[in-house]
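Q: coords below, sequence missing:
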């Protein structure tokens, strides 16, 4: 059996699993509730990487990029 590595992030006491990264946007889904999706943007400052919430105006852009990536893989 092969080993699978998953990126898990705890947000408000809930575990979210990274399902996709498109450009600087990271799509997480709650481990116990797959309908709960969180999109975070990766920011790099002073050679350190961290996630921040996206602005409302970035939400459509992030999902458009995600949709285009899914469309191109099928």
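A: Cool, the structure landed. Keep in mind that what you see is a predicted model, and the values were worked out from it rather than measured.

Q: and the helices in the chain?
A: With DSSP state H as the definition, the chain shows helices at residue ranges 56-73.

Q: pLDDT below threshold where in it?
A: Along the chain, segments meeting pLDDT under 70 span 1, 4-5, 74.

Q: looking at it, which strand is longest?
A: Ranked by residue count and defined by DSSP state E, the top strand of the chain is strand 33-45.

Q: and that one, which strands flank it?
A: strand 25-30 (antiparallel), strand 48-53 (antiparallel) (DSSP bridges).

Q: and the last one, how far out from the chain's middle?
A: By that I understand strand 48-53. Going by CA atoms, centre = their mean, to the nearest Å, the spacing between the C-alpha centre of strand 48-53 and its chain's C-alpha centre is 11 Å.

Q: show me what contacts residue 24?
A: Applying CB atoms under 8 Å, 6 or more residues apart in numbering, we find residue 24 in contact with 41, 42, 43. C-beta: built from backbone N, CA, C; applies to glycine.

Q: of the residues you listed - the most surrounded one?
A: residue 41 (16 neighbours; other CB atoms under 10 Å).

Q: report the contact partners of it.
A: Contacts of residue 41 by CB under 8 Å, 6+ apart are 24, 25, 26, 51, 52, 53, 54, 58, 62.

Q: now the contacts of residue 24 in TSV, with distance to residue 31?
A: What follows is the contacts of residue 24, written out as TSV (distance: CB to CB, whole Å):
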residue	distance to residue 31
41	21
42	20
43	24
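
Q: and of those, the nearest to residue 20?
A: Closest to residue 20 out of these is residue 42 (12.7 Å), distances taken as CB to CB.

Q: the closest one against residue 48, yeah?
A: No - look at residue 42 against residue 48 with CB atoms under 8 Å: they stay out of range, at 10.9 Å.

Q: please pick the buried ones from the contacts of residue 41.
A: With neighbours counted using 16 or more other CB atoms under 10 Å, the contacts of residue 41 contain these buried positions: 25, 26, 51, 54, 62.

Q: those residues: which two are farthest apart?
A: Greatest spacing in the buried ones among the contacts of residue 41, by CB to CB: 51 and 62 (12.8 Å).
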